[in-house]
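Trainee: What follows is a protein structure lacking sequence information:
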């Protein structure tokens, strides 16, 4: 298996573990000194153990739907829909790898919204979106 195929498989396992609630498998992709940034809240989490602890303390029922994974080499992007207690949130995760492990992740979150009627004649719905 080539490196990119291996990384893509590890990312799929990461998101599948997130869906299963398998916190150990979910965080196996991170380097011990990884950094996770949430730009909207201005938070930076340093270290796999802190990343895992902040996610493990989430009270909401969460589900993860991967829309797509794109990337190559040391830079990968996952587009997901994360559902918290039944409410979907769009998410983009940008992961930087070193030595096969994530050393820096930036994750963006956006709530869905109804498009304005003024654009209705200009747009088509995105097919197969959760």
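Mentor: Alright, I've got the coordinates. The model shown is predicted, which means the values in this text are computed figures rather than measured ones. Numbering: from 1, shown residues only.

Trainee: can you tell me the average pLDDT over stretch 75-93?
Mentor: Across stretch 75-93, the average pLDDT comes to 95.

Trainee: now do stretch 96-113
Mentor: On average, stretch 96-113 scores 94.

Trainee: okay, how far is it across it, tip to tip?
Mentor: 29 Å (CA to CA, to the nearest Å).

Trainee: OK, contacts around the residue nearest to residue 47 when sequence neighbours are not counted?
Mentor: Leaving aside its chain neighbours, residue 47 sits nearest to residue 33 (6.0 Å; criterion: CB to CB, 6 or more residues apart in numbering). Yep, even glycine has a C-beta here, placed from its N, CA and C like the rest. Neighbouring residues of residue 33 by CB atoms under 8 Å, 6 or more residues apart in numbering: 46-48, 103.

Trainee: Now tabulate those in TSV and tack on distance to residue 37 and neighbour count.
Mentor: Shown next, in TSV, are those (distance: CB to CB, whole Å; neighbours: other CB atoms under 10 Å):
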residue	distance to residue 37	neighbour count
46	10	11
47	13	15
48	15	19
103	12	16
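
Trainee: any chance of these in CSV, plus secondary structure and distance to residue 82?
Mentor: Putting the contacts of residue 33 into CSV (DSSP: H, G, I helix; E, B strand; the rest coil; distance: CB to CB, whole Å) gives the following:
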residue, secondary structure, distance to residue 82
46, strand, 22
47, coil, 22
48, helix, 20
103, strand, 22
